[in-house]
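Chemist: Kindly return the folded structure for what I paste below:
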Amino acid sequence: MPFSIATWNINSVRLRMPIVERLLDEYAPDVLCLQETKVPDELFPEKAFRRLGYQHIAFHGQKGYHGVATVARRPIAVVEKRRFCEIEDSRHLSVTVRAGGKTILLHNFYVPAGGDEPDPEINRKFKHKLDFVAEMNAIRAEHTEVSASVLVGDLNIAPLEHDVWSHKQLLNVVSHTPVETENFEAMRLAGNWVDLMRHNVPFDQKLYTWWSYRAQDWEASNRGRRLDHVWSSPNLVPDFADYEILRAARGWERPSDHVPVIARFNLD
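Modeler: Residues are numbered from 1 along each chain as shown. Have a look, this model is predicted:
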């Protein structure tokens, strides 16, 4: 079986634990990275994950906001819970996990959304987002013959023209503005990261992982964005098998507005 990593902005892990359990029952990824868990560490639902065979758990949470967690069916070791922009938000967690004879450094990120107004002079949330992405330049795709890196999460930017339902209509909408997309791609390239979701997918093919709650019928309107990402160091690309966007999960009971993405690698 391929080694698999799933990423999902769950928008409150305790509220949506039933659909998390569904994902783990039906797809059984080796590792699941969650974002926007919205729970302090002492209240994280560890027992529910352990019942499902995910004995290895790491989290970086806070009450009511933000939060990331990584759970696995194989051992993981916490490397870092990095603070960005001198703000004590819980937005990053890195662990190591072994697969295919390699030690994989796995980063789990929840990048700030940025508010509604794409002007850092009048919107401190947007400035925070730009500063956060700038600091992410320090996160590099470290790798050797026996190690590799993976970066996943809700990065809250849809960088390419066909990562949104309408490039022209969203150019001044936070998540797809030129200042965001240009800085985002520059950061990715500076870190030597490979965008695995676009690696074998033509740039003119639409890819979405998020559909707004505001849409009366999200499926019919299909006004999506690709806000969730899977990147790797170059040495993992030969082992990359495929990925799956679980679009159907947007229609599960009490869904998140994001859906899971599962990446698979030809590693044991």
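Chemist: just the strands in the stretch 101-250 of the chain please.
Modeler: Per DSSP state E, counting those that start in this stretch, the stretch 101-250 of the chain carries strands over the ranges 102-110, 147-154, 194-195, 210-211, 224-225, 228-232, 240-245.
Chemist: List the contacts of the nearest residue to Asn192 once chain neighbours are set aside.
Modeler: Distance criterion CB to CB, 6 or more residues apart in numbering; nearest residue to Asn192, sequence neighbours excluded, is Ala141 at 4.6 Å. (C-beta placed from N, C-alpha, C; glycine too.) The neighbourhood of Ala141, defined by CB atoms under 8 Å, 6 or more residues apart in numbering, consists of Ser149, Leu151, Gly191, Asn192, Trp193, Val194, Trp231, Ser232, Ser233, Pro234.
Chemist: and the last one, how many residues sit next to it?
Modeler: Pro234 sits with 13 neighbouring residues when counted by other CB atoms under 10 Å.
Chemist: I figured it hits Leu189, correct?
Modeler: No. Under the criterion of CB atoms under 8 Å, Pro234 makes no contact with Leu189, lying 11.8 Å away.
Chemist: possible to save the strands of the stretch 101-250 of the chain as TSV with distance to His258, mean neighbour count and mean pLDDT?
Modeler: Shown next, in TSV, are the strands of the stretch 101-250 of the chain (distance: least, CB to CB, whole Å; neighbours: other CB atoms under 10 Å; pLDDT from 0 to 100):
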stretch	distance to His258	mean neighbour count	mean pLDDT
strand 102-110	11	23	98
strand 147-154	6	25	98
strand 194-195	18	18	98
strand 210-211	5	22	98
strand 224-225	10	24	98
strand 228-232	6	26	98
strand 240-245	10	16	98
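Chemist: how about those in TSV, adding distance to Val39?
Modeler: Shown next, in TSV, are the strands of the stretch 101-250 of the chain (distance: least, CB to CB, whole Å):
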stretch	distance to Val39
strand 102-110	13
strand 147-154	16
strand 194-195	30
strand 210-211	21
strand 224-225	25
strand 228-232	20
strand 240-245	25
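Chemist: So which residue is dead centre in the protein?
Modeler: Gly153 (1.2 Å; CA atoms, centre = their mean).
Chemist: ok, now which ones touch the closest residue to it other than its chain neighbours?
Modeler: Of all residues beyond its chain neighbours, the one nearest Gly153 is Phe109 (3.6 Å), with distances taken as CB to CB, 6+ apart. With contacts defined as CB under 8 Å, 6+ apart, the neighbours of Phe109 are Gln35, Val68, Arg91, His92, Met136, Leu151, Val152, Gly153, Asp154, Leu155.
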